[in-house]
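J.: please find the sequence and the predicted model below.
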Amino acid sequence: MKQVHTLDRVVIRFAGDSGDGMQLTGDRFTADSAVFGNDISTLPNFPAEIRAPAGTLPGVSSFQLHFANYDIMTPGDRPDVLVAMNPAALKANIADLPRGGVIIADTADFTKRNLAKVGYAANPLEDDSLADYQVHALDLTGMTVEAVKPFGLSRKDASRAKNMFALGLLSWLYHRPTEGTLAFLTRKFATKPDIRDANVTAFKTGYAFGETTEVFAVRYEVAPAPMPAGRYRQINGNTALALGLVAAARKADLPLFLGAYPITPASDVLHELSKYKRFGVTTFQAEDEIAGVGAALGASFAGHLGVTTSSGPGIALKQETIGLAVMTELPLVVVDVQRAGPSTGMPTKTEQSDLLQVMYGRNGEAPVPVLAAQSPSDCFDTAVEAVRIAVKYRTPVMLLSDGYIANGAEPWHVPDLSAIAPIDPQFATESNGVDAKGEPMFLPYLRDPETLARPWAKPGTDGLQHRIGGIEKAKDTGAVSYDPANHDQMVRTRQAKIDGIVRDIPDLVVDDPADADGNTARVLVLGWGSTYGPVTAAVRRVRNGGRLVAQTHLRHLNPFPGNLGEVLRAYDRVIVPEMNLGQLAMMLRAKYLVDVHSYSRVRGLPISLSELARDLDAEIDALSGGDPDLEPSPDPADELTTLSTEGVPA
Amino acid sequence: MTTLDRPSTTPGSTPRSGIAGVPLALEPLTRKDFTSDQEVRWCPGCGDYAVLAAFQGFMPELGIKKENTIIVSGIGCSSRFPYYVDSYGMHSIHGRATAIATGVATAREDAAVFVITGDGDALSIGGNHLIHILRRNVNVTILLFNNRIYGLTKGQYSPTSEIGKVTKSTPLGSLDNPFNPVSLALGAEATFVARTIDSDRKHLTSVLRAAAAHRGTSLVEIYQNCPIFNDNAFDALKDPSTSADAIIPLVHGEPIRFGTDERLGVVRDAATGEFSVVEVSEVGVEALVVHDAHLQDPSYAFGLSRLTDAGVLHRAPIGIFRDVSAPAYDDLAREQVALASASGGADDDALQSLINGGDTWTVG
């Protein structure tokens, strides 16, 4: 009889060669955990190379999954369990595993040659170098090949099902439901019955192996997390973003036109939208980034909702056309799924270093609203808001996501389409002025007095023929103008239009719970975009340690919420964690003359919550002169390992 | 990888006109209807005036509503063109007009879309977009004003300038081989490629007529004189004393024959496929090439385009090199959307279930 231990949370990292199917394995475990009702957060981490040389460190692909019985904010800093399919996977990931952590290794790949490839002089599974860990060295490949023998596959094809064997074993170990994965395999390999049967068999055999083997004395349970009532699904950022764009286009009753060029990590938005043609979505895979945004702007001029999606290097190429969109004052949504730069940088790794590029990376005074999504599911809401602003204010809007939330997944309380407010494109239908002869005429730059937005006249509308372009416009008429006073006025008006969007932006809310004595924090942590998860988790930990800290998070980077200056000035110290060298910090200092402290990490990975919590402790203590009674914020309080809890015989 | 047939490639479908789907004007329009209130500001004597006049004179002939006409241009002298036509227009940025027009044309089946561009705009900075609009065959008519010089930036050599061109940026003569725009377009398998001359209003109009009727991308190269920075570049073709021997007229179904007293003609070497100019008296009329603009194989038209002088222009074929029917990208793209929409499941409920996804669970 196996024992069952109950845990609050577990972090598993699946690691193997890029060809070992670790992403798929992680995806399936995530889906099964989500359906089971756990809160989840994931971090896929893979090389840019499609197939780096087999068995090498650069070829290691991993997928980290955090699942819990409460609401979690991050995929976890360090795994509790490492599944290593080869020596490279072990070597690349062992440093992240805390002492006492579990290693499940496939011994089949621990050959002399593979060990030598990554610099192991001896097999670490056989010497005592892993004595501090709980090591389960199992011949996953051998057992898989044996199990799928009846299907007559080559050894190579048979061994490819080893990831499903591992998934089956882990599914048993953590009490995961199996129906989802079985249905998935049946669907995925519907046209290849022998491959389907081999994968299903490998998965079931892995599960049964856990049940019967003596290797695992204990299996674990992580109960469902309490969540608000409603319908849930698992979602990653790129899918949420695509769905948000489609939903917003529907709410605006506009056909959606996407012009895009493939680029990591944004391509999945193009892939998703390409599947939604039935909702009036046209996707145009352009010859380059410039043509992608150009065609999108052309579609906007033609009365469609133009959208372009890319990442940093592509945005750099699009900037001239975005400037044209600023000048022609047409709706356009520009999505930047940021990645580590500069130049090609690290395409599959995350960063937030395009903020200044999207704010200031164009020639001339070319202000553009900037929004940033804070989590995978938040990409949906941010996309809807980006479309709303673009259409209402006739402006290109920059939507920032990044590789972390684009590929990471979480449960999503599915929104009700009917609860999303309609977006009215308010196309111009008639003339709005008179010419010198008193005849009606169309003034394409006559602005709405409140929003300063210009009319959007769809080609084909009789009497509203007009010409727009990149040359400076005369006020109202839009005719070419080199008049100094007119240029001054137009530059200021374009800026005022964007600044005026602040009226649609809710004031920033600060989370600053008082302690028992009614004291509030002196330190404020202000994040933006995808740092929301790690920052929130770190703040929780700091508070659990008995310290006071306030937190707030920016979705609107341009314009800022109207009360931001007031918020910043209310604290003795403002700390701004960012995955760049302090870009938001610089903007805040410039605009508000507040001495914000930049907390900067550019490792291509999300900010580590435990490191941030420790550093926040130090900042708070330094400011208060240090409280001798306070210990460092405790690790296990929220996001760290709680492997041993009450054991319950099953 | 899987490949699927394009929906519109079913044999037997008849080619549509380039303006099919564009609503017709309720009453006849005139040249004046296509004239905007903007003062035309090209240099005196610029060939652009003649092209604008020919265009404005021709447009009423199409019979379409002017508000369904969209003109997109890039940057350069000729790209000011949209300001002078009372239609919808965008004077965009350097080299990108063809990319922007691709979005416009794909979004709007009910619009006649024109691109106005020059040799620098289309062939240098915009060369990539040009070859891609041509290979896609987007339903757009491109007027490429070729004056073989940069005018707006005041006289640097262009990608169509002859080798050795002395300009401000090449005081010792330019070094690079020029593009032949017609050859380039045919290399990209453009479905309609023609060349005409700014000063020959009648021929220019006839080419515009055929280009507008063609469904897909029509590329019209217009030899256009820049009186300031490259005057007389096309004199050999324009001067009545030399033009007969300089212009090789391409007329579909006619033997290619020209020169004083039609003494010259074009023959094609059966073995190499190369075209050459010969004295008709030496080979006989039967040996001459009878022009066929409808040949599917673009190498025929490409071969003809090589009769153009690469250096200082003394001789060039003028007319429609190629006019073949092929599916237009924008038609196909709209058809995919229409077919997907027609298959049902596009209402709000369907969108809600798309958002819900396949694997959902319910709490509470």
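T.: Perfect, I can see it now.
J.: residue A:135 - that's part of a strand, no?
T.: Yes - membership of residue A:135 in a strand is supported by DSSP: H, G, I helix; E, B strand; the rest coil.
J.: my read: it touches residue A:107, true?
T.: No - contact criterion Cβ atoms under 8 Å: residue A:135 and residue A:107 do not qualify, at 10.5 Å. Any C-beta I mention is one placed from the backbone N, CA and C, and that applies to glycine too.
J.: name the residues contacting each of the two.
T.: residue A:125 (Cβ atoms under 8 Å, 6 or more residues apart in numbering or on different chains).
J.: neighbour count: these two, which is higher?
T.: residue A:135 (20 against 16; other Cβ atoms under 10 Å in any protein chain shown).
J.: list the beta-bridge partners for the more buried one.
T.: Beta-bridge pairing for residue A:135 (DSSP bridges): residue A:103.
J.: count of neighbours near residue 155?
T.: All of this is about chain A. 9.
J.: if you could check chain B rather than the one you did, that'd help
T.: Count around residue B:155 with other Cβ under 10 Å applied: 16.
J.: not counting sequence-adjacent ones, nearest residue to it?
T.: residue B:229 (3.9 Å; Cβ to Cβ, 6 or more residues apart in numbering or on different chains).
J.: tell me the pLDDT of the residue in the stretch 251-364 of chain B that chain A sits nearest to.
T.: Across the stretch 251-364 of chain B, no residue is closer to chain A than residue B:364, which sits at 2.6 Å (Cβ to the nearest Cβ). Note on residue B:364: pLDDT of 78.
J.: which residues touch it?
T.: A:228-230.
J.: closest one of these to chain B?
T.: Closest to chain B, out of all of the contacts of residue B:364 and judged by Cβ to the nearest Cβ, is residue A:229, at 2.6 Å.
J.: count of residues packed around that closest one?
T.: Residue A:229 has 9 nearby residues by other Cβ under 10 Å.
J.: chain neighbours aside, what residue packs nearest to it?
T.: Of all residues apart from its sequence neighbours, residue B:364 sits closest to residue A:229 (Cβ to Cβ, 6+ apart), at 2.6 Å.
J.: again with residue B:198
T.: residue B:47 (3.7 Å).
J.: helices along the stretch 301-450 of chain A, start to end?
T.: A:312-328, A:355-360, A:378-393, A:403-407 (DSSP state H, counting those that start in this stretch).
J.: so which elements touch the third one?
T.: Helices and strands touching helix A:378-393, by 3 or more Cβ pairs under 8 Å, 6 or more residues apart in numbering or on different chains; DSSP states H and E, are helix A:237-252, strand A:305-310, strand A:332-338, strand A:370-372, strand A:396-402, helix A:403-407.
J.: which residues touch the closest residue to chain A within the stretch 151-300 of chain B?
T.: Residue nearest to chain A within the stretch 151-300 of chain B: residue B:188 (11.4 Å; Cβ to the nearest Cβ). Applying Cβ under 8 Å, 6+ apart, we find residue B:188 in contact with B:130-132, B:134-135.
J.: I'd like the residues you listed as a markdown table, with pLDDT appended.
T.: As requested, those are exported to a markdown table (pLDDT from 0 to 100):
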| residue | pLDDT |
| --- | --- |
| B:130 | 98 |
| B:131 | 98 |
| B:132 | 98 |
| B:134 | 98 |
| B:135 | 98 |
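J.: which ones among these map onto helices?
T.: B:130-132, B:134-135 (DSSP state H).
J.: between those, which is nearest residue A:118?
T.: Using Cβ to Cβ, residue B:132 comes nearest to residue A:118 of the ones in helices among the contacts of residue B:188, at 44.4 Å.
J.: need the residues of the stretch 101-250 of chain B near chain A, please.
T.: B:101-108, B:110-111, B:128-129, B:132 (Cβ under 8 Å from any Cβ of the partner chain).
J.: which two of these have the greatest separation?
T.: Top of the distance list for these (Cβ to Cβ): B:110 and B:128, 28.5 Å.
J.: helix or strand with the lowest mean pLDDT in chain A?
T.: The least trusted helix or strand in chain A, going by mean pLDDT, DSSP states H and E, turns out to be strand A:647-649, with a mean of 33.
J.: on that earlier part again, what's the distance between the residue of the stretch 251-364 of chain B closest to chain A and residue A:227?
T.: Relative to residue A:227, residue B:364 is positioned 8 Å away (Cβ to Cβ, to the nearest Å).
J.: got it, and residue A:526?
T.: In terms of Cβ to Cβ, residue A:526 sits 27 Å off from residue A:227.
J.: repeat that for residue B:20.
T.: The value you get for residue B:20 to residue A:227, if Cβ to Cβ is used, is 55 Å.
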